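# Pasting the sequence and the predicted coordinates here, then a few questions.
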2 protein chains.
Amino acid sequence: MNELKTPKTPFSFELVAQDGDARAGILHTPHGDILTPIFMPVGTQATVKAVTPAQLKELEVQILLSNTYHLYLRPGAEVVAELGGLHKFMDWPNPILTDSGGFQVFSMGMLRAIDEEGVTFKSHIDGSTHRFTPEFSIAIQEKLGADIIMAFDECPDPQDKAYNVRAMQRTHRWAERCLKTKTRPDQALFGIVQGGIFPDLRQISAEFLASLDFPGYAIGGLSVCESKADMLATIEVVNQLLPAHKPRYLMGVGTPYDLIEGIYRGVDMFDCVLPTRLARHHAAQTLQGRMNLANAAYIRDEGPLDPNCSCYTCTHFSRAYLRHLVSSKEILAATLLSIHNIHTLLELSQRIRDSIIDQRYSEFRQQLLQNLQK
Amino acid sequence: MNELKTPKTPFSFELVAQDGDARAGILHTPHGDILTPIFMPVGTQATVKAVTPAQLKELEVQILLSNTYHLYLRPGAEVVAELGGLHKFMDWPNPILTDSGGFQVFSMGMLRAIDEEGVTFKSHIDGSTHRFTPEFSIAIQEKLGADIIMAFDECPDPQDKAYNVRAMQRTHRWAERCLKTKTRPDQALFGIVQGGIFPDLRQISAEFLASLDFPGYAIGGLSVCESKADMLATIEVVNQLLPAHKPRYLMGVGTPYDLIEGIYRGVDMFDCVLPTRLARHHAAQTLQGRMNLANAAYIRDEGPLDPNCSCYTCTHFSRAYLRHLVSSKEILAATLLSIHNIHTLLELSQRIRDSIIDQRYSEFRQQLLQNLQK
């Protein structure tokens, strides 16, 4: 019977269970299925910093994100394509999502000019001038070959209403151009809802993009949002309007709190550099908060980082050893802390998924939130 | 029948085969057997830089070296002892060798004074003053708990004869003090032959140390030797005089050439930071020479680092990907190149061992040396 349900298209989303607004699903992609809600580790330059693909597989990572802006600048999309595409290049045979470069162009590149056609910017690597248009972003992403690709959007300061009106309208026109220019049937293009912290704009954006019938939707502009209340309110507005049978991806956000509250409000996918960035700055993320392993309190601490954690780091090494690696500036500290931090978010996603299927997420959420405040 | 041969003492050396002066053996230690000849990767600060213990196990590393000087300064030998010793601290259940700190005190510390009792030096970390004596070095090594520990020696410039005479004589007196002060029956203490590049001094040193009946011997002072001819001539002099039934360890040396020629002259053990240091400087070691992965020639090179290599790096990644990681300054470059470089030396050791057992090392050595010059 199940055989008959196998989707004919390479990409589809199946809702398995719903508990309040929280959803458990399966995202079918050409490189495998993804159980949602899911956290996606970020491999900006075609590598999750300090972690091998073999270690990512052991962590049961289901999907990685990589950055179009970075890969376009180095080594170049043509090079990746010639070498067989991003999956082969970075030895990741499972699903990959690439962003459009929009966010990076606006946040990392030295911006030169935005016009209706696209954006001119200077590279953060060598200052050379480049130009991205919606068509060009899709062309790069088609060369990279990820399973999920993103529409090219304008990313304004989320507090500036006048700018958000203009940016949102342009993002909508660019979304239509992205849909039109896209050619690869084995890639799913997600639209990105913009509109800053303004509910009326978010409503317009969600309704407009829903009408374009993307196979999935992202909520953009919230990773730079200073207020968690604004973030959650925005998610609520948008998710009421996005089609229920499509996956919803909250971009650039990934603390345990963000996952707990995002999933509670109907988000299915998250990505963030935080777990690996924290790791390179000596911090371990647990569901009871963060630990700074540079702290001298850990010098003789023979316990594991997190007694509740089953990751390689927690089952093999003491806090004292990790503290030693950190204070000795050893690369292994970044590797072991990254493994733990990624595991924490993946394990959290999976446990929340189980609780949604069991219709007990409201209770589990309360428990998770209480632990975070301990 | 084999059961009966199991050695009663926790440490013994068994010669399995000899081909000319080259030897294949088994070193029995409390933490397992080591098949010799063997290369020992260096985990200076209780970590082989950028490689996890799980990856080292996958590489079939048999024994690691760690540095007493570094671990004494950070995190401190008492801390390591309280945490269950070095094996547990760094999650390495297999054999470990610690050096005595002698070489580091003379090469890295800021030397203050050498006298008959010991050496006063300043830490390279914070400039604090410390003093090592033979007794103190052994005490630290007993706290760390490695399977093989080393006598504390004075490490002079190998070219300065007058100094080498004095240093060698003091090293001999210190060797006797190390033997006398040692208490742990589960650790084997190796003596270190000194004497610079001077055959007459090396002869005196080898004969004197042989008379002390150490369970194993090291040849010191050659890692800073500028001439390979001097190094090989010294090995020949020393190995003629060291007892045949004891393991011989050439300290701090580890290019493929050094292994090929050292083993040919009867050396059983090698250690060197080179494979991991080269990796952090973008270089891959192969049996055909070194490759600098920063080279633009590799941008589109889809072949593996070394087509003859079966390591994780060579079986999963292209030269182009490694080149991308190097030019993007990604930590993963150091990890993947370290894995390859360590594998190269371990594989070389094992293939040479097989050829010794098969009595065909003379021929295999010629072939290896020819390949290196290609």
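Thanks, I have it.

# what is the rounded mean pLDDT of the helix or strand where residue A:165 lies?
For residue A:165, the element it lies in under DSSP states H and E is helix A:161-181. Per-region confidence: helix A:161-181 scores 97 on mean pLDDT.

# Please name the nearest non-neighbouring residue to whatever residue of the stretch 101-250 of chain A ends up closest to chain B.
Among the residues of the stretch 101-250 of chain A, residue A:125 lies closest to chain B, at 9.2 Å counting by Cβ to the nearest Cβ. For glycine as for every other residue, the C-beta is placed from the backbone atoms N, C-alpha and C. Nearest residue to residue A:125, sequence neighbours excluded (Cβ to Cβ, 6 or more residues apart in numbering or on different chains): residue A:73, at 5.7 Å.

# number of nearby residues for the one you found?
A total of 22 residues lie near residue A:73 under the criterion other Cβ atoms under 10 Å in any protein chain shown.

# Same check on residue A:344?
24.

# where are the low-confidence patches of chain A?
Filtered on pLDDT under 70, chain A yields the residue ranges A:1-9, A:109, A:374.

# Report the residue ranges of every domain in it.
A:2-271, A:273-367 (automatic domain parsing).

# circling back: now do the helix holding residue A:165: everything it contacts.
A:100, A:116, A:133-135, A:137-139, A:151-158, A:189, A:191-192, A:194-196, A:198, A:201, A:204-205, A:208-209, A:212, A:214 (Cβ atoms under 8 Å, 6 or more residues apart in numbering or on different chains).

# Mind checking which of those land in strands?
Members of these lying in strands (criterion: DSSP state E): A:189, A:191-192.

# Now do the contacts for the spatially most central residue of chain A.
Note on chain A: the residue nearest the mean C-alpha position is residue A:271, at 1.8 Å, using Cα atoms, centre = their mean. Counting by Cβ under 8 Å, 6+ apart, residue A:271 touches A:39-42, A:65, A:97, A:249, A:251-254.

# Buried ones only from those residues, please, as a ChimeraX command.
This is how ChimeraX selects the buried members of these, with burial counted by 16 or more other Cβ atoms under 10 Å in any protein chain shown:
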select /A:39,40,41,42,65,97,249,251,252,253,254
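
# Chain B next: which of the contacts of residue A:271 are close?
The subset of the contacts of residue A:271 within reach of chain B, by Cβ under 8 Å from any Cβ of the partner chain, is empty.

# Helices - which of the contacts of residue A:271 land there?
The helices in this structure, assigned by DSSP state H, contain none of the contacts of residue A:271.

# from the contacts of residue A:271, which is closest to residue A:50?
Distances from residue A:50 to those, taken as Cβ to Cβ, are shortest for residue A:41 (11.4 Å).

# residues touching the closest one, list them.
Per Cβ under 8 Å, 6+ apart, neighbours of residue A:41: A:48, A:51, A:56, A:61, A:64-65, A:271, A:275-276, A:342.

# who wins for neighbours among those?
residue A:48 leads the contacts of residue A:41 on contacts (other Cβ under 10 Å) with 29 neighbours.

# Leaving out sequence neighbours, find the closest residue to that residue.
residue A:41 (5.0 Å).

# thought residue A:285 was touching residue A:275?
Yes - using Cβ atoms under 8 Å, residue A:285 makes contact with residue A:275 at a distance of 6.2 Å.

# Identify the contacts common to these two.
A:341, A:344-345.

# okay if I get these as CSV plus distance to chain B and secondary structure?
Shown next, in CSV, are the shared contacts of residue A:285 and residue A:275 (distance: Cβ to the nearest Cβ, whole Å; DSSP: H, G, I helix; E, B strand; the rest coil):
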residue, distance to chain B, secondary structure
A:341, 15, helix
A:344, 18, helix
A:345, 20, helix
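
# Pick the one among the residues you listed closest to residue B:240.
residue A:341 (55.9 Å).

# What's the local residue count around that closest one?
Counted with other Cβ under 10 Å, residue A:341 comes out at 26.

# Check residue A:85 too.
So residue A:85, with other Cβ under 10 Å, has 17 neighbours.

# cool, residue A:308 as well?
Count around residue A:308 with other Cβ under 10 Å applied: 12.

# Around chain B, pick out the residues from the stretch 151-300 of chain A.
A:299-300.

# Helices of the stretch 151-300 of chain A, start to end?
A:161-181, A:199-211, A:228-241, A:256-264, A:274-280 (DSSP state H, counting those that start in this stretch).

# is it possible to export those to TSV including distance to residue B:89?
Formatted as TSV, these follow (distance: least, Cβ to Cβ, whole Å):
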stretch	distance to residue B:89
helix A:161-181	53
helix A:199-211	52
helix A:228-241	40
helix A:256-264	30
helix A:274-280	20
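
# Which of those sits closest to residue B:261?
Relative to residue B:261, the nearest member of the helices of the stretch 151-300 of chain A by Cβ to Cβ is helix A:274-280, separated by 41.2 Å.

# Packing partners of the closest one?
With contacts taken as 3 or more Cβ pairs under 8 Å, 6 or more residues apart in numbering or on different chains; DSSP states H and E, helix A:274-280 sits against strand A:283-286, helix A:331-357.

# Report the backbone C-alpha coordinates of stretch A:298-307 in CSV.
What follows is stretch A:298-307, C-alpha atoms only, in CSV (Å, rounded to 0.1, in the frame of the first residue of the first chain):
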residue,chain,number,x,y,z
TYR,A,298,36.0,23.1,34.3
ILE,A,299,39.8,22.4,34.8
ARG,A,300,39.2,19.3,36.9
ASP,A,301,35.6,18.6,35.9
GLU,A,302,35.5,14.9,34.8
GLY,A,303,31.9,14.9,33.9
PRO,A,304,30.6,15.1,30.3
LEU,A,305,29.6,18.4,28.7
ASP,A,306,26.0,17.4,29.0
PRO,A,307,25.1,14.3,31.0
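
# residues making contact with it?
A:284, A:286-288, A:291, A:293, A:313-315, A:317-320, A:322-324, A:340, A:344, B:75, B:79, B:82-84.

# picking up where we left off before, please produce a ChimeraX select command covering the buried subset of the contacts of helix A:161-181.
The buried subset of these, as determined by 16+ other Cβ under 10 Å, is captured in ChimeraX by this line:
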select /A:100,133,134,135,137,138,151,152,153,154,155,156,158,189,191,192,194,195,196,198,201,204,205,208,209,214
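
# related to what we said a few turns ago, report the two of the contacts of residue A:41 separated the most.
A:51 and A:271 (15.1 Å).

# Now do the phi/psi pair for the residue lying farthest from the centre of chain A.
If you look at how far each residue of chain A sits from its centre, by Cα atoms, centre = their mean, the farthest one is residue A:300, at 36.4 Å. The phi/psi pair for residue A:300 (degrees, to the nearest 10) reads phi -110, psi 20.

# and it, how far is that from residue A:48?
Going from residue A:300 to residue A:48 by Cβ to Cβ, to the nearest Å gives 32 Å.

# In PDB, please show the C-alpha coordinates belonging to stretch A:73-86.
Taking Å, rounded to 0.1, in the frame of the first residue of the first chain, the C-alpha atoms of stretch A:73-86 are listed here in PDB:
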ATOM      1  CA  LEU A  73      33.000  33.900  -5.300                       C
ATOM      2  CA  ARG A  74      35.100  30.900  -4.400                       C
ATOM      3  CA  PRO A  75      35.600  28.400  -6.100                       C
ATOM      4  CA  GLY A  76      33.000  29.600  -8.600                       C
ATOM      5  CA  ALA A  77      29.700  27.900  -9.700                       C
ATOM      6  CA  GLU A  78      31.200  26.800 -13.000                       C
ATOM      7  CA  VAL A  79      34.000  25.000 -11.100                       C
ATOM      8  CA  VAL A  80      31.500  23.200  -8.800                       C
ATOM      9  CA  ALA A  81      29.400  22.300 -11.800                       C
ATOM     10  CA  GLU A  82      32.400  20.900 -13.700                       C
ATOM     11  CA  LEU A  83      33.300  18.800 -10.700                       C
ATOM     12  CA  GLY A  84      29.800  17.200 -10.700                       C
ATOM     13  CA  GLY A  85      27.800  19.600  -8.600                       C
ATOM     14  CA  LEU A  86      27.800  20.500  -4.900                       C
END
